[in-house]
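Q: Predicted model and sequence below, questions to follow.
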Amino acid sequence: MLKNLVFIMVLACLVTSCSTLKPSASQSSASVKQASSTIQDGNGNSIQFISNIAIHPDAQQDKTASSITTSNVGNANSNTNYASGEAIENLSALQFKYSILENASVEELDNAKLLTFMDSWYGAPYHYGGTTRDGIDCSAFAFLLMSSVYGVAALPRTSKEQYGSCRHIHRDELKEGDLVFFHTLGKRRAVTHVGVYLRNNKFIHASISGVMISDMNDGYYDKHFIGAGRVL
């Protein structure tokens with residue numbers, strides 16, 4: 001009788017402990033099912049997503065082993081549109097460099113010949129009457145840029161002559177490749193300086209500080225602006 005009583009008590013303990021473990025096991029299983037899901041890719045391979053972490057085929061791994069996605073994913077809050085669906089990582093280093101200097105989007109800078117020319121001359125020192133990278137003046141730089149990039153071979157040598165030879169346009173009509181003219185000799189409003197317009201009020205020129213990009217809204221250039229011309 002005593003043995004039967006002990007046996008019944010042991011059996012009751014076992015039943016109780018199993019029922020206690022079942023909810024936990026079910027909970028754990030449900031959590032795993034909720035946190036993970038499996039889909040098939042185009043090749044029939046299984047890709048598993050766990051806790052919203054996905055491994056992308058085109059992702060790069062940094063030193064912390066975190067996934068950095070490089071695919072071109074649209075953002076509903078972004079106004080950026082990549083030209084012809086081109087991934088941003090495929091755009092050239094020059095486009096990134098000059099997009100900053102011109103305050104423009106990378107995709108706007110699609111004139112590779114202009115970018116290459118500017119970069120090869122950027123920082124070249126100023127020298128009155130000079131025509132080489134060892135020293136060049138504003139009109140010689142404008143002449144070389146227009147002939148090398150746009151094929152304009154008939155542009156005169158001096159800034160004053162260049163102003164007289166182009167079709168004058170309003171400032172708000174400026175486009176890439178137009179010429180912008182300034183006076184730099186005190187109160188005399190004679191043309192003494194020229195640059196080539198880029199975009200967003202930016203122009204490139206050979207200044208006394210060397211070949212550089214400046215802003216037409218800058219106090220000095222805004223005050224000394226004479227006019228703009230188009231030769232293209």
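A: Yep, that arrived.

Q: mind checking pLDDT for L185?
A: Per-residue confidence (pLDDT) for L185: 85.

Q: The one 4 residues further on too?
A: The predicted local confidence for R189 comes out at a pLDDT of 83.

Q: Let's verify it: helix, strand, or coil?
A: coil (DSSP: H, G, I helix; E, B strand; the rest coil).

Q: how about the strands of the chain, start to end?
A: 36-40, 46-50, 60-61, 67-68, 131-132, 135-136, 167-169, 179-182, 193-199, 202-207, 210-215, 225-230 (DSSP state E).

Q: for the ones you listed, which one ends up most surrounded?
A: strand 179-182 (a mean of 25; mean count of other CB atoms under 10 Å). C-beta: built from backbone N, CA, C; applies to glycine.

Q: Which elements pack onto it?
A: helix 159-165, strand 193-199, strand 225-230 (3 or more CB pairs under 8 Å, 6 or more residues apart in numbering; DSSP states H and E).

Q: What helices and strands are in contact with the first one?
A: Helices and strands touching helix 159-165, by 3+ CB pairs under 8 Å, 6+ apart, are helix 138-150, strand 179-182, strand 193-199, strand 225-230.

Q: So which of these is nearest D110?
A: Set against D110 and scored by CB to CB, the helices and strands packed on helix 159-165 come closest in strand 193-199, at 11.4 Å.

Q: contacts for that closest one?
A: Residues from elsewhere that reach strand 193-199, judged by CB atoms under 8 Å, 6 or more residues apart in numbering: 102, 104, 108, 138-139, 142, 145-146, 159, 162-163, 174-184, 203-205, 213-214, 224, 228.

Q: Am I right that F203 is in contact with S214?
A: Yes - counting by CB atoms under 8 Å, F203 does reach S214; the two are 6.2 Å apart.

Q: just to revisit the earlier point, reformat the helices and strands packed on helix 159-165 as a markdown table; add mean pLDDT and distance to L94.
A: Output for the helices and strands packed on helix 159-165, formatted as a markdown table (pLDDT from 0 to 100; distance: least, CB to CB, whole Å):
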| stretch | mean pLDDT | distance to L94 |
| --- | --- | --- |
| helix 138-150 | 98 | 14 |
| strand 179-182 | 98 | 22 |
| strand 193-199 | 98 | 13 |
| strand 225-230 | 97 | 25 |
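
Q: Of these, give the one that comes closest to R167.
A: Taking those one by one with CB to CB, strand 225-230 is closest: 5.0 Å.

Q: That closest one relative to strand 193-199, how many degrees between them?
A: Orientation of strand 225-230 against strand 193-199 (axes from the mean of the first three to the mean of the last three CA atoms, to 10 degrees) gives an angle of 60 degrees.

Q: packing partners for strand 225-230?
A: helix 159-165, strand 167-169, strand 179-182.

Q: Who does it pair with, and is each partner parallel or antiparallel?
A: In the sheet containing strand 225-230, its partner strands are strand 167-169 (antiparallel), strand 179-182 (antiparallel), by DSSP bridges.

Q: so can I have TSV of those showing distance to K97?
A: Formatted as TSV, those follow (distance: least, CB to CB, whole Å):
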stretch	distance to K97
strand 167-169	29
strand 179-182	22
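
Q: Between those strands, which one is closest to A93.
A: strand 179-182 (27.2 Å).

Q: which stretches of this structure aren't confidently modelled?
A: Confidence mapping of the chain against pLDDT under 70 gives the ranges 1-91.
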